[in-house]
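K.L.:
Sequence isn't available, so here's the structure alone:
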């Protein structure tokens, strides 16, 4: 049993050692997420003018005035986004300067397209229950044996976490630093105004709130989530934020009270360079070499090219399988949207990724997009994508490590991919299916990966691929971080391999977050009093993206507002959630 090779294919090197290796000491906990680009053009009101979608944000307390002004100008308002005091409109690019001059307008930006690797959020028709997904990978057998992820922390680099339902227990989630654009307001810091991060957190470590058979819970219900937020309400984040987040994880994984053994990356960029030099891949690979199992989404484009950083052969690249909403394997297949990989870099494992039940965040961007279509009910919605597959796999890794904490990331990668092949996929590039109960029972081999290590000396701009953030006037491009500071990827790579890239709360010469880990939260963590309006990208200001004065009063949040909740040192038990 120890000789099984999982889903490996030619081109990915492994060395077998006669004796298992002890896990390297984990030194980090991570944080990173991808950037967003403009959406495709929508149908224009005037066929002679090309219209596009824009997000128009109101000044504090002026949403009504904004909507009145837009209607008065004949601008098509597609939907209101109360959570950000804004609206999605259809307008010609030439009309944007005039919109920015309206007294009630704080900012006009292209409508963001999420680059997290969730393919869709849909109204329910035949959703797989979370319990069914757990059954498909053998999790209930592991739970019955007492292996539920206890003692394992999973770092989630995403859009934040909201304390809804199975995530409301204050012992379930710890806040790392918030490196997102939302961090400038205490009303949005750490929280998930988008909805994606909460969906992933629930799949990983949600705790059942009912004893009913099949009640919703994550794959590792006794694990903890370390919330490292990089994506804002619209899912926007630059690759520099992602890298900074991963670097933070690596340096803080074993701080007092922490035991980060798994890092979930449910995102990916279409980097224009090889993993061998890509700085995002290098950051994730260093986390792996420091003893952290890095789980990365393969991507939602059915091609042989995996998203970055999943393209790095050291990581655990996860594709999606379609269970057809049944528990039989006979009708299962690779999800139509899942990246397939190649012989040079195959998908390592397939996990359930279609019609998955997940937690819904009332008032979030995703919730607003669903609108009248709704979801499963007020608490849950349905999602498909390799994001979901990665989260389920991260939960499985936490369960395996709670049963066998001495395992190395290389061993975990091999052992999780010992499930059966899907029909018609044997020896293909899409890997075998995830099986956590089999992984727990198999004898660990002395597996060590032997692929060439990345250098991280490539281009930050190439790592972004097509995804860029904008303040509505300028696009962040080139070798610069979100503060406009030059980025020397060679110097950062060298620091990452030795002493680390974070010096207290400083990364790449800018103060991002608190200087020390404060146990259960980053009490007092801030951007050193700086606001986005004091920084620029060669003159472009973030003044319109600060959320200054914005509150959550436009969303119901079970009747509670977050105006007085700083979430710095506060527990979720007092946050007004029921």
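P.N.:
Arrived safely, thanks for sending. Treat the numbers as computed from the prediction; the structure is a model and nothing was measured.
K.L.:
what residues are up against the residue nearest to the spatial centre of the chain?
P.N.:
In the chain, the centroid-proximal residue (CA atoms, centre = their mean) is residue 158; its distance is 3.2 Å. In this structure, residue 158 makes contact with 33, 116, 192, 196-197, 200-201, 227-231, 264, 266-267, judged by CB atoms under 8 Å, 6 or more residues apart in numbering. Glycine gets a C-beta too; all of them are placed from N, C-alpha and C.
K.L.:
just the residues you listed now: which is nearest residue 141?
P.N.:
residue 264 (22.7 Å; CB to CB).
K.L.:
quick one, what contacts the closest one?
P.N.:
154-158, 200, 204, 295, 390-391, 394.
K.L.:
any low-confidence regions in the stretch 451-578 of the chain?
P.N.:
Filtered on pLDDT under 70, the stretch 451-578 of the chain yields the residue ranges 471-473, 513-578.
K.L.:
Go again with 50.
P.N.:
514-578 (pLDDT under 50).
K.L.:
Count the neighbours of residue 212 for me.
P.N.:
Number of residues near residue 212 (other CB atoms under 10 Å) recorded here: 8.
K.L.:
how about the strands in the stretch 1-150 of the chain?
P.N.:
14-17, 37-38, 52-58, 76-81, 86-91, 105-110, 112-113, 120-122 (DSSP state E, counting those that start in this stretch).
K.L.:
Check the stretch 201-350 of the chain too.
P.N.:
So, for the stretch 201-350 of the chain - with DSSP E, counting those that start in this stretch - the strands run 224-229, 260-265, 293-297, 316-322, 333-334, 349-352.
K.L.:
Going by mean pLDDT, which of those comes out lowest?
P.N.:
Sorting the strands of the stretch 201-350 of the chain by mean pLDDT places strand 333-334 lowest, at a mean of 92.
K.L.:
Tell me which other helices or strands that one touches.
P.N.:
Packed against strand 333-334, as judged by 3 or more CB pairs under 8 Å, 6 or more residues apart in numbering; DSSP states H and E, are the following elements: strand 316-322.
K.L.:
Pull up the pairing partners for the strand it packs on, direction included.
P.N.:
strand 293-297 (parallel), strand 333-334 (antiparallel), strand 349-352 (parallel) (DSSP bridges).
K.L.:
that older thread, which secondary structure element contains the nearest residue to the residue nearest to the centre of the chain once chain neighbours are set aside?
P.N.:
In this structure, residue 158 finds its nearest non-sequential neighbour in residue 197, 3.4 Å apart by CB to CB, 6 or more residues apart in numbering. Residue 197 belongs to helix 196-205 when assigned by DSSP states H and E.
K.L.:
Select from the strands of the stretch 1-150 of the chain the stretch with the lowest mean pLDDT.
P.N.:
Averaging pLDDT over each of the strands of the stretch 1-150 of the chain puts strand 37-38 lowest, since it has a mean of 29.
K.L.:
What is the neighbour count of residue 336?
P.N.:
Quick note: residue 336 (other CB under 10 Å) scores 12 neighbours.
K.L.:
Surely it and residue 322 touch.
P.N.:
Yes: with contact defined as CB atoms under 8 Å, residue 336 counts as touching residue 322 (7.3 Å).
K.L.:
For the residue nearest to residue 158, give its distance to residue 180.
P.N.:
10 Å (CB to CB, to the nearest Å).
K.L.:
Ok, residue 419 next?
P.N.:
36 Å.
K.L.:
now swap in residue 458 and tell me
P.N.:
Separation of residue 458 from residue 180 (CB to CB): 24 Å.
K.L.:
Point out the least confident one among the contacts of residue 158.
P.N.:
residue 33 (31).
K.L.:
For this structure, which segments count as helices?
P.N.:
63-72, 96-100, 130-136, 139-144, 196-205, 239-252, 279-289, 365-370, 386-403, 409-416, 436-441, 460-464, 489-497 (DSSP state H).
K.L.:
Least confident of those, on average?
P.N.:
helix 365-370 (a mean of 81).
K.L.:
Please name every helix or strand in contact with it.
P.N.:
Secondary-structure packing of helix 365-370 (3+ CB pairs under 8 Å, 6+ apart): strand 76-81, strand 120-122, strand 380-384.
K.L.:
right, and the ones you listed - which one's nearest residue 141?
P.N.:
strand 380-384 (24.6 Å).
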